[in-house]
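A.B. asks: here is a sequence with its predicted model. Questions after.
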Amino acid sequence: MQNKTITQLAQSLRAKEFSSVELTQHFLHRIAQHTELNAYVTVTSELALAQAQLADKRLASGDAHLLTGIPIAHKDIFCTQDVKTTCASKMLDNFIAPYNATVVEKLDAAGVVNLGKLNMDEFAMGSSNETSFYGSVKNPWNTQTVAGGSSGGSAAAVAAQLAVCVTGTDTGGSIRQPAAFCGVSGIKPTYGRVSRYGMIAYASSLDQGGSLARSAQDCAILLHAMAGFDEKDSTSVDVPVPNYCADLEKPLAGLKIGLPKEFFTADLNADMAKTLEAAIDEYKKLGAVVKEVSMPTLKYAIPAYYVIASAECSSNLSRYDGVRFGYRCDNPADLTDLYTRSRGEAFGKEVKRRILMGTYALSAGYYDAYYLKAQQVRRLISDDFKRALHDVDVIFSPVTPTPAFHIGEKLANPVEMYLADIYTIAINLAGLPAMSIPAGFIGGMPVGLQLIGNYFDEARLLNVAHAYQQVTNWHTQSPNLD
Ligand code: GLN
């Protein structure tokens, strides 16, 4: 049951091969069997079974959505009413959200079954899921290695088949990098496509929700149900959401694919280069035309991102003061002691590092030198992408420099950790949509390829990803679990 696609499951549910309750019990059983992966922070068995019962009724009445009765899970950054929503931080370990994020509402309306909340890096800050208050997620392909981050629980849950498909968020690569490390598909849509209402903020001008699943088609189905204008999010954009599945089969003949010369240099790992060349050959066979593009400002993406993301996080996280939300220290002596000890005791090391960097970059004396400069660089990077996407339909690139690294390997060196996102971060600065899909294995570990598209052109990305998945089988392979 667990390796079927959404469409196959929807058919089986309608043909009464099994009920949503049976399907849900099957997934709950698998989750209980694979707690060693640490993919879930909270499992909502009772809620899931109640929703499955309702879904079975809805299916019987004939008024069902494709996602009705399908067991999914949310990254623990999305607020879920009456269910603990932690952002993997001690700060929110006791936080029961009083309302649902718009994404949760929309998927509930489609009739999904919520299995629980998925582990992540604390407040989505990280590239390995090792900053989680609940411990790191293990990569199902090799439990000595990281699942990636920050949506590590999301990617691991899909790879280990502990949910059919899941939500994630991506501020600098957090959907695409873990998807690549775990051998699953993931899409970060255009900034403004998916509502951020009820999605706990890290860096508001970069954060964007998206979907992860075992195929581009499943990503399309889930994303379609999540996307759309929301008046509760002032950065949500009122652009119609096309039916992402309608164009999946469109032939690729004549498609123009751009290869950024700044990414395909001698520095690229040789095995990675070989894997990506093979993927490019597949695209040529499908009729695509490949051409080099140049984006000289890409090299400034990481420093610009870490100034902007840290600045925004220092402001966003000031709301955790020990008064209104979450953790409060014991016996505070006075108000200052309450603030400093609550924050000092409840935030992890990486979150504190970002708050310090961000506060510094925003301080009166340094604002122009750091924050303003970084915003200017951001504009140059967007302009580079716009120019490149004027000449080609999609840009093709690596997702990560290497396959998943070992747990603990990069913990001592934050800058080395930041470089794990070298191929993904610029896209968030530009606000463009991008997708990661499995493209092969290096040393037994999955690696991905990245497709970057024009604003609001998710349909094209999904089409280009789906076409590749029709002629390759990387995405159908699963780790060896029981
Ligand atoms: N690794 C990057 C960071 O730590 C990106 C994380 C994300 O996309 N949420 O900020």
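C.D. replies: Everything's here; your move.

A.B. asks: so which bits of the protein are right by the ligand?
C.D. replies: Applying Cβ under 6 Å from any ligand atom, one finds that the chain approaches the ligand through 124-127, 150, 170-174, 202, 309, 421. Placement of C-beta: from N, CA and C, glycine included.

A.B. asks: please work out the average pLDDT along stretch 375-395.
C.D. replies: What stretch 375-395 shows for mean pLDDT is 98.

A.B. asks: list the buried residues for that stretch?
C.D. replies: Neighbour-count burial for stretch 375-395, counted by 16 or more other Cβ atoms under 10 Å, picks out 377-378, 381-382, 384-385, 388-389, 392-395.

A.B. asks: for the spatially closest residue to P414 that is not a sequence neighbour, grab phi and psi.
C.D. replies: Distances taken as Cβ to Cβ, 6 or more residues apart in numbering place R353 nearest to P414, at 6.7 Å, with adjacent residues excluded. Per-residue torsions, R353: phi -60, psi -40 (degrees, to the nearest 10).

A.B. asks: R353: neighbouring residues, count only.
C.D. replies: For R353, the neighbour count with other Cβ atoms under 10 Å is 15.

A.B. asks: could you do the one 4 residues further on as well?
C.D. replies: Other residues within reach of M357 by the criterion other Cβ under 10 Å amount to 18.

A.B. asks: am I right that G186 sits in a helix?
C.D. replies: No - judged by DSSP: H, G, I helix; E, B strand; the rest coil, G186 forms no part of a helix; its state is strand.

A.B. asks: picking that back up, looking at the buried residues of stretch 375-395, spot the one nearest the ligand.
C.D. replies: The shortest approach to the ligand among the buried residues of stretch 375-395 belongs to R378, at 14.8 Å (Cβ to the nearest ligand atom).

A.B. asks: burial count for P296?
C.D. replies: Counted with other Cβ under 10 Å, the neighbours of P296 add up to 12.

A.B. asks: thought it was touching K261?
C.D. replies: No - between P296 and K261 there is no contact under Cβ atoms under 8 Å: 9.3 Å.

A.B. asks: quick check: closest non-adjacent residue to S204.
C.D. replies: Nearest to S204 is E312, by Cβ to Cβ, 6+ apart, at 5.6 Å.

A.B. asks: for the helix or strand that contains the one you found, packing partners?
C.D. replies: Using DSSP states H and E, E312 falls within helix 301-316. Applying 3 or more Cβ pairs under 8 Å, 6 or more residues apart in numbering; DSSP states H and E, one finds that helix 301-316 makes contact with helix 349-362, helix 373-391, helix 425-430.

A.B. asks: contacting residues for the closest residue to the ligand within the stretch 301-450 of the chain?
C.D. replies: At 4.7 Å from the ligand, D421 is the closest residue in the stretch 301-450 of the chain, using Cβ to the nearest ligand atom. By Cβ atoms under 8 Å, 6 or more residues apart in numbering, the contact list for D421 reads 127, 172-173, 177, 302, 305.

A.B. asks: give the ChimeraX command for selecting the buried subset of the residues you listed.
C.D. replies: Of the contacts of D421, the buried ones can be selected in ChimeraX as follows, counting by 16+ other Cβ under 10 Å:
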select :127,172,173,177,302,305
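
A.B. asks: separation between I407 and V103?
C.D. replies: 30 Å (Cβ to Cβ, to the nearest Å).

A.B. asks: now the helix or strand harbouring S154: mean pLDDT?
C.D. replies: Taking DSSP H and E as the criterion, S154 maps to helix 152-159. The average pLDDT for helix 152-159 rounds to 98.

A.B. asks: distance from whichever helix or strand comes after it to the middle of the chain?
C.D. replies: Remark: after helix 152-159, the chain's next helix or strand is strand 165-170, criterion DSSP H and E. Centre-to-centre, strand 165-170 and its host chain are 4 Å apart (Cα atoms, centre = their mean, to the nearest Å).

A.B. asks: over to stretch 242-252?
C.D. replies: That offset, for stretch 242-252, works out to 22 Å (Cα atoms, centre = their mean).

A.B. asks: give me the contacts around that stretch.
C.D. replies: 216-217, 220-221, 223-224, 283, 286-288, 458-460, 462-464, 466-467.

A.B. asks: buried sites along that stretch?
C.D. replies: Taking 16+ other Cβ under 10 Å as the neighbour-count basis, stretch 242-252 is seen to contain the buried residues 244-245, 248, 252.

A.B. asks: can you list those residues in a markdown table and add secondary structure?
C.D. replies: Below are the buried residues of stretch 242-252 laid out as a markdown table (three-state DSSP):
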| residue | secondary structure |
| --- | --- |
| Y244 | coil |
| C245 | coil |
| L248 | coil |
| L252 | coil |
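
A.B. asks: make a markdown table out of those and add pLDDT.
C.D. replies: As requested, the buried residues of stretch 242-252 are arranged in a markdown table below (pLDDT from 0 to 100):
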| residue | pLDDT |
| --- | --- |
| Y244 | 96 |
| C245 | 95 |
| L248 | 97 |
| L252 | 98 |
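
A.B. asks: just those now: which is nearest the ligand?
C.D. replies: Y244 (22.2 Å).

A.B. asks: any idea how far the closest one lies from L462?
C.D. replies: For Y244, the distance to L462 - Cβ to Cβ - is 5 Å.
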